[in-house]
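> how would this look folded up:
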Amino acid sequence: MGKADISSKRLIALAPDGWVKWVTKTPDMVAQNLLDSEFQWISRDTDTLIKAYSPTTGEILALNEFQFHPDPRMPRRIRAYAGLAEEKYNIRVYPVLINIFPPEGNTPILDHYESEVLGLKARQDYRVINLWETDVELAFEPNLKGLLPLAPVMKDGASETILRRASLRLQDEERGEDLQRLLGIFATFVLGTNLVEQVMDLERQALLESPWGQ
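Below you'll find the predicted structure:
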């Protein structure tokens, strides 16, 4: 299938307003811009900071962290990222963890960090979104098209029909071929390589033979 850019920033940038409304569950939240998520000691490629504003909430930073499988070390990392982001930009942080695949073995899915030392307590809550529990039809809403490359691994998304629908939708996006390649990569986890390559090759051939493609 070749290489693909799996940067979360690439996906979120397809429709940042819809994305930030979804992850914060705030209908009047508006994305202002995507910020640099590199800090002095840490550089992360899998998390994206969105500066957003809501009349009811005010200005916030929505921190989006993508994880292939739930990781018991993630609560401590999110605590660190949230603290660094708030320190750098002096804006309150709303952390969100997006798990792509179910946990391996008995790994727990945690939604907070907490510790206590000599009576002093620290706690960091964050929202958890499990894609395998998220209805795949959300990916076909215009304001959530950043989910399209992930559609096959969402709830009820492991089908040839969903793969074809997502592939067609991505044809209209800038650098759509790269996004389709990413779609194919995720689809192979649930549909198998042979079927995915067959479907993607047919979609690509149909596009190239169409008047628009020519």
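> confirm R123 sits in a strand?
Yes - counting by DSSP: H, G, I helix; E, B strand; the rest coil, R123 is located in a strand.
> for P75, phi and psi?
phi -50, psi -40 (degrees, to the nearest 10).
> quick one: residues contacting it.
Listed by C-beta atoms under 8 Å, 6 or more residues apart in numbering, the contact set of P75 reads L110, H112, Y113, Q124, Y126. Using the backbone N, CA and C atoms, a C-beta is placed for each residue, glycine as well.
> for it, give its distance to E114.
Distance from P75 to E114, counting by C-beta to C-beta, to the nearest Å: 8 Å.
> now do the shared contacts for these two.
Q124.
> residue boundaries of the helices in this structure?
Using DSSP state H, the helices of the chain run over residues 8-12, 16-24, 74-89, 160-170, 176-191, 193-209.
> do you know which of these lies nearest W132?
helix 176-191 (9.6 Å; C-beta to C-beta).
> which positions within that closest one qualify as buried?
Buried residues in helix 176-191, counted by 16 or more other C-beta atoms under 10 Å: 176, 178-188, 190-191.
> could I get those as TSV with distance to L144 and pLDDT?
Converted to TSV, the buried residues of helix 176-191 look like this (distance: C-beta to C-beta, whole Å; pLDDT from 0 to 100):
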residue	distance to L144	pLDDT
G176	17	75
D178	19	79
L179	14	85
Q180	17	85
R181	20	84
L182	16	86
L183	15	89
G184	20	87
I185	20	86
F186	16	89
A187	18	90
T188	23	88
V190	20	88
L191	22	87
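> low-confidence stretches in the chain?
Low-confidence segments of the chain (pLDDT under 70): 1-7, 36-46, 201-214.
> just give me the neighbour total for Y94.
23 (other C-beta atoms under 10 Å).
> how about it, what does it touch?
Per C-beta under 8 Å, 6+ apart, neighbours of Y94: V23, T24, I60, L61, A62, L63, R127.
> among the residues you listed, which ones are buried?
V23, T24, I60, L61, A62, L63.
> farthest-apart pair in those, please.
Largest separation among the buried ones among the contacts of Y94 by C-beta to C-beta: V23 and L61, giving 11.8 Å.
> check contacts around D172.
Here D172 is in contact with no residue (C-beta under 8 Å, 6+ apart).
> ok, it to R181 distance?
16 Å.
> quick one: contacts of stretch 106-117?
69-72, 74-76, 78-79, 97, 99, 103, 121-128, 130.
> tell me how far the ends of that stretch are from each other?
Terminal residues of stretch 106-117 are spaced 28 Å apart (C-alpha to C-alpha, to the nearest Å).
> run a quick neighbour tally on V196.
23.
> still on that earlier bit, would you list the helices of the chain in TSV and tack on distance to V153?
Shown next, in TSV, are those (distance: least, C-beta to C-beta, whole Å):
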stretch	distance to V153
helix 8-12	13
helix 16-24	17
helix 74-89	18
helix 160-170	10
helix 176-191	5
helix 193-209	12
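> need the contacts of Y94 in JSON lines (columns: distance to N143).
Shown next, in JSON lines, are those (distance: C-beta to C-beta, whole Å):
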{"residue": "V23", "distance to N143": "12"}
{"residue": "T24", "distance to N143": "13"}
{"residue": "I60", "distance to N143": "19"}
{"residue": "L61", "distance to N143": "20"}
{"residue": "A62", "distance to N143": "15"}
{"residue": "L63", "distance to N143": "20"}
{"residue": "R127", "distance to N143": "18"}
